[in-house]
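In: Coordinates for the following, if possible.
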Amino acid sequence: MVVAVFSLLVSLLLQVSAVAQPMRMSPEERTAQLKKELSLTEEQAAKVRTILDEAQKESQKLFESSRGDRAAMREMMMKKAKETDEKISALLNEEQKAKFAELQKQRRARFEQRQRDRDTR
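Out: Down below sits the predicted model:
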């Protein structure tokens, strides 16, 4: 009985934390998503994966070097995201670029909504 209650409690805590802190996609997951949504070729997908892997490593270094300065970290991360998007866009044909631009617009809207939601708490 105690084990069952403990398991239920852990499960609930994990669900609550998943809702409170949405997980970012791994480079592998993001590549798969972009491959599907943009109809990437295998060659494009491989290049996108390399770009996303490098961006993740660089972002981790930026995070570790920020020393708690959230504003500076946010600015650096936004710059890194823009650079990453530009590198990906350079690999795409015109049709894919248009779709990618739309996906970026949707991503910005979700980000802005999360910011508004945080501000109202």
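In: Show the pLDDT at Q96.
Out: Q96 carries a pLDDT value of 97.
In: Isn't it up against L40?
Out: Yes. Between Q96 and L40 there is a contact under C-beta atoms under 8 Å: 7.3 Å. C-beta coordinates here come from the backbone N, C-alpha and C atoms, glycine included.
In: Pull out the buried residues from the longest helix anywhere in the chain.
Out: Scanning the chain for the helix with the most residues, using DSSP state H, yields helix 94-119. Neighbour counts over helix 94-119 (16 or more other C-beta atoms under 10 Å) mark 96, 100 as buried.
In: and it, what does it pack onto?
Out: Judged by 3 or more C-beta pairs under 8 Å, 6 or more residues apart in numbering; DSSP states H and E, the packing partners of helix 94-119 are helix 27-38, helix 70-90.
In: need these in JSON lines with mean pLDDT, distance to A55 and mean neighbour count, can you?
Out: As requested, the helices and strands packed on helix 94-119 are exported to JSON lines (pLDDT from 0 to 100; distance: least, C-beta to C-beta, whole Å; neighbours: other C-beta atoms under 10 Å):
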{"stretch": "helix 27-38", "mean pLDDT": "96", "distance to A55": "8", "mean neighbour count": "16"}
{"stretch": "helix 70-90", "mean pLDDT": "90", "distance to A55": "4", "mean neighbour count": "14"}
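In: Distance to R121 added to the ones you listed, as CSV?
Out: Shown next, in CSV, are the helices and strands packed on helix 94-119 (distance: least, C-beta to C-beta, whole Å):
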stretch, distance to R121
helix 27-38, 28
helix 70-90, 17
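In: Quick one: closest of those to Q106.
Out: helix 27-38 (10.4 Å; C-beta to C-beta).
In: Give me the distance between Q104 and R70.
Out: 23 Å (C-beta to C-beta, to the nearest Å).
In: can you check A55 too?
Out: Separation of A55 from R70 (C-beta to C-beta): 20 Å.
In: for M73, what are its contacts?
Out: 62-63, 66 (C-beta atoms under 8 Å, 6 or more residues apart in numbering).
In: quick one: which of these is nearest to A81?
Out: L62 (11.0 Å).
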